[in-house]
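[1] Quick one: sequence plus predicted model below, questions after.
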Amino acid sequence: MDKKKQQSQESASFNSTTSMIGFIGGIFWGLIGYIAYLLNFISFGPSFLLMPWALGIWKYTETGHWLGILVIGIMSIGIAFIYRALLAKVNKFWPGLVYGGILWILTFLLLYPLYEHAKNVVKLDLNSTITSLSIYVLYGLFIGYSISYEYHEQMLENEQTIQE
């Protein structure tokens, strides 16, 4: 197999891995958020993301929360590719933690005007603030470290192929 074809296959493989990491991370941490909501650790569930766009009260029901988890999974694919483009070469855990914190800031401080019925982050109870920030930070850690690990594994594999 020629070198360009091999690089193309490796790139496609890394793209699919990045997509899978994003989707699984979004679904998993969306579920954790839903469980935190059900246990009253946070005052909003995964359907929080649907509030500006979905009409009707169904978004406050169980169906709305499950659809919210699916939306989080789909959005996470893009979030994973952004991380890959910016920070995949850093094989440390702290960029993922910071990335999760930045995502929390974007969601609760900058995008807040879209959520007219939601409480401002300043008005959220302390449990909701700390729990949601923790979930976002752990989500960022999962996305970041998983992508960086895969990137470095692929680089090691490429070096072995070149040396052979």
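    Ah, there it is. Numbering: from 1, shown residues only.
[2] Buried residues, stretch 149-158. List them.
    150, 151, 154 (16 or more other Cβ atoms under 10 Å). The way it works is simple: take the backbone N, C-alpha and C, and place the C-beta from them, glycine included.
[3] Show me how far that stretch is from its chain's centre.
    Mean C-alpha position of stretch 149-158 versus that of the full chain (Cα atoms, centre = their mean, to the nearest Å) differs by 22 Å.
[4] ditto for stretch 87-94
    On Cα atoms, centre = their mean, the centre of stretch 87-94 falls 15 Å from the chain's centre.
[5] Pretty sure residue 72 sits against residue 46.
    Yes - using Cβ atoms under 8 Å, residue 72 is in contact with residue 46, at 6.0 Å.
[6] Return every residue with contacts to both of those two.
    Counting by Cβ atoms under 8 Å, 6 or more residues apart in numbering, the residues touching both residue 72 and residue 46 are 30, 33.
[7] Report the buried residues of stretch 47-54.
    For stretch 47-54, using 16+ other Cβ under 10 Å, the buried residues are 47, 48, 49, 50, 51, 54.
[8] picking up where we left off before, out of the buried residues of stretch 149-158, which comes closest to residue 30?
    residue 150 (21.5 Å; Cβ to Cβ).
[9] okay, that closest one: pLDDT?
    For residue 150, the pLDDT comes out at 92.
[10] any idea how far it lies from residue 69?
    From residue 150 over to residue 69 the distance is 24 Å, taken as Cβ to Cβ, to the nearest Å.
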